[in-house]
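**Student:** Fold the following.
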Amino acid sequence: MKTLAGNKRPRRLWLMAVLLLGLAGCASIEGGGARIPSGGNDCFWATSIYDWRAVNDSSIVVWSPGKRCPYLVEFALRCNGIRFTDGIVFDDRDGRICPFGGDAVIVPGPGGDRCSIASIRRLSPAELTGYFGETAESEDGAACQPAPAARAG
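**Tutor:** Reported below is the predicted structural model:
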């Protein structure tokens with residue numbers, strides 16, 4: 001016992017192991033809190049949103065600036081009510097919807113939520129088909145260029 005009291009290293013290692021196991025357990029909870037988003041950093045203009053559709057409780061697809069330009073928007077946590085609402089509100093700071101700077105989706109009404117955006121990335125036609133089982137059109141070129149990601153100082 002004297003070794004543990006005199007040397008803090010084994011105690012620190014034990015504490016780190018407990019913390020790592022705890023974090024691993026939290027990350028594996030099905031349908032629970034935190035998720036690991038796909039890491040997309042695309043942005044789109046709030047004024048050019050054409051349509052949106054919920055994929056699940058933690059992500060939506062937004063078409064902007066037309067039906068041929070889909071983006072996967074992933075939330076930091078589950079977004080209560082997103083699959084059952086007819087309308088959502090985008091909360092942005094500068095006219096662009098981005099996965100940084102506090103941009104969020106607000107689900108209005110009872111049981112609604114403010115859902116922080118963790119990731120946005122452009123979807124290919126094959127990816128969109130995989131989410132909804134529909135044939136997706138694709139469009140390359142300037143019409144589907146994302147809004148610039150750099151925020152003005």
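**Student:** So what pairs up with residue 45 in the strands?
**Tutor:** residue 96 (DSSP bridges).
**Student:** and it, what does it touch?
**Tutor:** Residue 45 is in contact with 64-65, 95-97, 147, counting by Cβ atoms under 8 Å, 6 or more residues apart in numbering. C-beta here means a position set from N, CA and C on the backbone, and glycine is covered the same way.
**Student:** of those, closest to residue 124?
**Tutor:** When these are compared for distance to residue 124 (Cβ to Cβ), residue 64 wins out at 15.7 Å.
**Student:** domains for the protein, by residue range?
**Tutor:** Per automatic domain parsing, the domain ranges recorded for the chain read 1-30, 44-144.
**Student:** What residues does the closest residue to residue 123 other than its chain neighbours make contact with?
**Tutor:** Of all residues not flanking residue 123 in the chain, residue 70 sits nearest, at 4.4 Å (Cβ to Cβ, 6 or more residues apart in numbering). With contact taken as Cβ under 8 Å, 6+ apart, residue 70 is in contact with 61-63, 122-123, 128, 136.
**Student:** please redo it, this time with the cut-off set to 10 Å
**Tutor:** Residues near residue 70 by Cβ atoms under 10 Å, 6 or more residues apart in numbering: 50-53, 61-64, 121-125, 127-128, 131-132, 136-138, 144.
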